[in-house]
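**Q** Mind folding the following:
(chains A and B)
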Number of protein chains: 2
Amino acid sequence: MKYELIVIGSGPAGEKAAVKAAYFGHKVALIEKEVQFGGAGVNTGTLPSKTLKETALFLSGKYDKGLYGINRAIQRDASLEDFMHRKNFVVSIESEEVKKNLELHHVDLYHGSAKFIDSRHIRISGAKEEVIEGENIIIATGSYPVNPPEIPFDHLRILDSDTILNIHRFPKSIAVLGAGVIGVEYSTIFATMGIQVFLINRNDKVLTFIDQEVVKYFLEIMKKDKIDILLNKKVLSIKAPDPTCSHSAEELIDIKLDSGEVLHVDMLLYAAGRNGSTKELDLHKVNIEVDKRECIPVNSKYQTVVPNIYAVGDCIGFPALASTSMDQGRVAVAHIFGTKDLENIAPVLPYGIYSVPEISTAGMTEEEAKTKQISYCKGIAKYKDMPRGMIMGAEEGFLKLLFTKDDLIIRGVHIVGPLATELVHHGLELIEEEKTLMDVIGKVYNFPTYHDLYKYAAYDGLGNLSGHKIKL
Amino acid sequence: MKYELIVIGSGPAGEKAAVKAAYFGHKVALIEKEVQFGGAGVNTGTLPSKTLKETALFLSGKYDKGLYGINRAIQRDASLEDFMHRKNFVVSIESEEVKKNLELHHVDLYHGSAKFIDSRHIRISGAKEEVIEGENIIIATGSYPVNPPEIPFDHLRILDSDTILNIHRFPKSIAVLGAGVIGVEYSTIFATMGIQVFLINRNDKVLTFIDQEVVKYFLEIMKKDKIDILLNKKVLSIKAPDPTCSHSAEELIDIKLDSGEVLHVDMLLYAAGRNGSTKELDLHKVNIEVDKRECIPVNSKYQTVVPNIYAVGDCIGFPALASTSMDQGRVAVAHIFGTKDLENIAPVLPYGIYSVPEISTAGMTEEEAKTKQISYCKGIAKYKDMPRGMIMGAEEGFLKLLFTKDDLIIRGVHIVGPLATELVHHGLELIEEEKTLMDVIGKVYNFPTYHDLYKYAAYDGLGNLSGHKIKL
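**A** Prediction:
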């Protein structure tokens, strides 16, 4: 068979690319090697952890506790089945949705793993072996969790960011290795469920792409929520119980750190890195070289060194967010077929971390402003000072606006707190439109809403500038 | 005492006006006749009903039911005390906050009712009687619930929109007269608590300032939630039990409608109108005439016919929303003192109705587009089709974008569903900036969030235009 476009992988990037090309009338094939459609976005990454986070909040009643005259019982006795129930439901529905969307657009679906024969031919190895031809090819194969040899994975109690979803019981305690996005998300989810968590990071750089005032505050909240944070500590050795021994299920895992500490934990989540899923593609056949994280280098149109081959999503590396990946897929298709609807990915992107509480941010950080020697100032508003926060019992969280001093134009918005991932979009718009503090002050927000944070942060910013600090 | 500005009333409009003038260095007095500061925004209107709504959602578990493997028990046995607990807490804190904010800005506070002597002198009658002088005066006295003589109010079981907050027990059933904002908010709050509700309106015009497709859908949801909606029905008579009779507490209230139906209900909420609280001001002394709803006519700067007297907030009538009122106060002060920071109120305003589910809207409605013969088209996205909606179990709700056909510019956003009052702000911005459907499609939203509704509604709009309707 011959196609105008072959897409490899049905995650957020691949799905949107295939569907868009088909929508514009092109003949498209999509190859998926897993039984379930949707990739990490649906099956192991984005949606599962976000659903588990909401489930943890629900079961623990964390945000309701003491808010009302009565307590809804905290379900400490919630079973793992309860915990996973909603996640499994969401995943199965959404995976089906992806498949339906592809079928609706008449994308030809192939099952099996894909290998390049040359720059236009792909061999699919599955139940059926076949070769298809594509004028253009988009690689959207995603990423896989690195399993370094020094970690004795058994995927029952010593887990990676995929196999954590397969646990059969709650851990009594868990050590999380790596304080990246996945590490902090799962740490806070487990802590919310009342499980003892140790979060270990080899240096003191946590979420380096996020404004560090936000990160510092977030670390304080994690500590308050009883997460034991061990920065600048390396794991020297891990002693796992012998699985062949009948008592092994009750024995703990010993983790020896270079600080001399030894942790005894029930489970271990290795969350220190995911590499591009590119190994099986036989990329050498088309002379594409991957980097040390097995990711594919691309230009701003997501084109590889081979002009008719593109790569999008997690397999090209940072930011590896479903939201961005989808648009990478759409931009690639716009470039291939000249649809002219989406020439480039948006200049300012939102980052969302679905931890408890959420973090979301867009635009310039303080660190960036300092590096670039930009004369900036900031304004901060706290959730607990907003009537909406008061109603919802939000005790934690703030919104920070960063603006340039001379023109008061908003350059960055940084939020930690409930609904941060929703609230950031307003800030994103302010940044893109180069709005000033005065513009924000002139806006009318529904009252009471969390969006009031923007107005109060703007007033705080003015106060910081003038030294005359007061709520208006 | 002589002031540059006297503000009458400490609700959202008055507070913000007084504080802003003081912030800019002017000498300001504020007169409040109630013991509690904050007016209806804090004490009887905005915050109490919004808090009760969240409490009803919490206690009923309405949005969680069946979502997870286990049910958090529905607290049908929740006492009224439980129900009012959070409301009372929020109100007392926020009232104190208003007072603190005024004091922080060195606004002189007077307690008592205010009467005009002439255009610069106000007599305050309270524990102390005194006369103060103001170069400028802002009236922000708010509104009061109309109590027509044909309704036998006892404010125990036959209540208005203020006294509903003083009930001592839950109604077994309640009739709500008037399907305006207050009427629908309380109807849905009580229905969420499992109470039988009859909502009666004298015509079939419900929330006429809201897009009627949204209203129609909302009425369907109310019906599904077992609210008995009686449109085009007038109350002929109300027979309340004789309160001097010892059995009266068990007897029901009989409401006879012109349709022949008779309702037997435990309580009645009259929510058919609030008038401006202007009667006691002696406005005739300054030759200001009020309209038939006792509201004060003003120009676009909130100036009355007397150049140094302004009026803001509920006492000038529609929209009577805390959010708008605050900015009316700020605009008036900008005009009085030439602060130049806020010359006019924002051209596009958000409307928020805190019902279950919420309604929020900004910009052009379909009705408006038709009246003005504007060639428009629309795009709709449903909450239940969003992964975020799936995670949160949102079964109801949609977002509609209205755009002009020739240029695809977004003119209106209309939302009914959870968090609508937050989500609308993004649409507001799109309307103000005259963004097109293509601009929305080019945006990256955090995934999964409810903001995805915008993107999907934009794609739906494109599909509606082309007749080629499909999800991208």
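**Q** what helices or strands is whichever helix or strand A:Lys378 is part of leaning on?
**A** Assigned by DSSP states H and E, A:Lys378 belongs to strand A:376-382. The contact analysis (3 or more C-beta pairs under 8 Å, 6 or more residues apart in numbering or on different chains; DSSP states H and E) places strand A:376-382 against helix A:366-371, strand A:398-404, helix A:452-466. Heads up, the C-betas are built off the backbone N, CA and C, glycines and all.
**Q** State the mean pLDDT of it.
**A** Average pLDDT, strand A:376-382: 97.
**Q** do the helix or strand that that strand is followed by and chain B meet at all?
**A** Downstream of strand A:376-382, the first helix or strand assigned by DSSP H and E is helix A:387-392. Yes. Contact of helix A:387-392 with chain B (C-beta under 8 Å from any C-beta of the partner chain) involves A:Pro387, A:Met390, A:Ile391, A:Met392.
**Q** measure the second one to B:Leu252 for me?
**A** Taken as C-beta to C-beta, to the nearest Å, the spacing of A:Met390 relative to B:Leu252 amounts to 37 Å.
**Q** follow-up on the earlier one: can you give the strand pairings for the strand holding A:Lys378, parallel or anti for each?
**A** Using DSSP bridges, strand A:376-382 pairs in its sheet with strand A:398-404 (antiparallel).
**Q** what's in contact with the partner strand?
**A** A:211, A:213-214, A:217, A:363-366, A:369, A:374-383, A:409-417, A:423, A:427, A:436-437, A:440, A:453-454, A:457-458, A:461 (C-beta atoms under 8 Å, 6 or more residues apart in numbering or on different chains).
**Q** A:Asn229: what secondary structure?
**A** Actually, residue A:229 is Ile rather than Asn. Each residue gets one of three states, and A:Ile229 gets strand by DSSP: H, G, I helix; E, B strand; the rest coil.
**Q** brain fart, A:Ser119
**A** Relying on three-state DSSP, one would call A:Ser119 coil.
**Q** residues contacting the residue nearest to A:Ala346 when sequence neighbours are not counted?
**A** Closest residue to A:Ala346 apart from its sequence neighbours, by C-beta to C-beta, 6 or more residues apart in numbering or on different chains: B:Val444 at 4.8 Å. Counting by C-beta under 8 Å, 6+ apart, B:Val444 touches A:Ser323, A:Thr324, A:Met326, A:Asp327, A:Ile345, A:Ala346, A:Leu349, A:Pro350.
**Q** May I see the residues you listed arranged in JSON lines, with pLDDT and neighbour count as well?
**A** Formatted as JSON lines, the contacts of B:Val444 follow (pLDDT from 0 to 100; neighbours: other C-beta atoms under 10 Å in any protein chain shown):
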{"residue": "A:Ser323", "pLDDT": "92", "neighbour count": "27"}
{"residue": "A:Thr324", "pLDDT": "93", "neighbour count": "24"}
{"residue": "A:Met326", "pLDDT": "94", "neighbour count": "28"}
{"residue": "A:Asp327", "pLDDT": "93", "neighbour count": "26"}
{"residue": "A:Ile345", "pLDDT": "88", "neighbour count": "17"}
{"residue": "A:Ala346", "pLDDT": "86", "neighbour count": "19"}
{"residue": "A:Leu349", "pLDDT": "92", "neighbour count": "18"}
{"residue": "A:Pro350", "pLDDT": "95", "neighbour count": "29"}
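**Q** Now the strand or helix carrying A:Ala114 - C-alpha only, CSV.
**A** A:Ala114 is located in strand A:113-116, with elements delineated by DSSP H and E. What follows is strand A:113-116, C-alpha atoms only, in CSV (Å, rounded to 0.1, in the frame of the first residue of the first chain):
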residue,chain,number,x,y,z
SER,A,113,6.2,-2.7,15.3
ALA,A,114,7.6,-0.4,12.6
LYS,A,115,11.1,-0.6,11.0
PHE,A,116,12.5,1.7,8.3
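**Q** picking up where we left off before, when A:Met390 and B:Leu252 are compared, which one has more neighbours?
**A** Neighbours were counted for A:Met390 and for B:Leu252 using other C-beta atoms under 10 Å in any protein chain shown; A:Met390 has more, 22 against 16.
**Q** The stretch 1-150 of chain A: helices as residue ranges?
**A** Counting by DSSP state H, counting those that start in this stretch, the stretch 1-150 of chain A has these helices, from start to end: A:12-23, A:39-42, A:46-60, A:80-104.
**Q** Same check on the stretch 201-350 of chain A?
**A** A:212-224, A:322-337.
**Q** okay, these in JSON lines with distance to chain B next?
**A** Formatted as JSON lines, these follow (distance: least, C-beta to the nearest C-beta, whole Å):
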{"stretch": "helix A:212-224", "distance to chain B": "15"}
{"stretch": "helix A:322-337", "distance to chain B": "4"}
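**Q** Can I get these in a markdown table including distance to A:Glu130?
**A** Converted to a markdown table, the helices of the stretch 201-350 of chain A look like this (distance: least, C-beta to C-beta, whole Å):
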| stretch | distance to A:Glu130 |
| --- | --- |
| helix A:212-224 | 49 |
| helix A:322-337 | 23 |
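**Q** Would you mind finding the most buried of the ones you listed?
**A** Ranked by mean neighbour count, these are led by helix A:322-337 with a mean of 26 (mean count of other C-beta atoms under 10 Å in any protein chain shown).
**Q** before we move on, the earlier item: compare the helices of the stretch 201-350 of chain A and give me the one nearest B:Asn101.
**A** B:Asn101 lies closest, by C-beta to C-beta, to one member of the helices of the stretch 201-350 of chain A: helix A:212-224, at 24.9 Å.
**Q** what about that closest one, distance to the chain center?
**A** On the basis of C-alpha atoms, centre = their mean, to the nearest Å, helix A:212-224 sits 18 Å off its chain's mean C-alpha point.
**Q** pLDDT on it, on average?
**A** Helix A:212-224 shows a mean pLDDT of 97.
**Q** Please apply the same query to stretch A:98-110.
**A** 95.
**Q** pretty sure the residue nearest to A:Ala346 belongs to a helix, no?
**A** No. Under three-state DSSP, B:Val444 falls outside any helix and is assigned coil.
**Q** what's the domain layout of chain A?
**A** A:2-145+A:275-337, A:158-270, A:357-464 (automatic domain parsing).
**Q** Looking at the stretch 151-300 of chain A, what residue ends up closest to chain B?
**A** Closest contact between the stretch 151-300 of chain A and chain B, by C-beta to the nearest C-beta, is at A:Val181 (12.4 Å).
**Q** what ranges do the strands span in the stretch 101-250 of chain A?
**A** A:108-111, A:113-116, A:121-125, A:129-139, A:143-145, A:158-160, A:173-177, A:196-200, A:227-230, A:235-239 (DSSP state E, counting those that start in this stretch).
**Q** Make CSV from those strands and add mean neighbour count and distance to A:Phe398 to it.
**A** CSV is the format used below for the strands of the stretch 101-250 of chain A (neighbours: other C-beta atoms under 10 Å in any protein chain shown; distance: least, C-beta to C-beta, whole Å):
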stretch, mean neighbour count, distance to A:Phe398
strand A:108-111, 16, 46
strand A:113-116, 20, 46
strand A:121-125, 18, 50
strand A:129-139, 20, 40
strand A:143-145, 23, 32
strand A:158-160, 23, 33
strand A:173-177, 25, 25
strand A:196-200, 23, 22
strand A:227-230, 20, 20
strand A:235-239, 16, 34
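**Q** of all the ones you listed, which lies closest to B:Leu283?
**A** strand A:227-230 (61.4 Å).
**Q** which strands and helices sit next to that closest one?
**A** helix A:181-192, strand A:196-200, helix A:212-224.
**Q** try it again with 7 Å
**A** Under the contact criterion of 3 or more C-beta pairs under 7 Å, 6 or more residues apart in numbering or on different chains; DSSP states H and E, strand A:227-230 touches strand A:196-200, helix A:212-224.
**Q** now the shortest one and helix A:212-224, what's the angle there?
**A** Spelled out, that is strand A:196-200. 140 degrees (axes from the mean of the first three to the mean of the last three C-alpha atoms, to 10 degrees).
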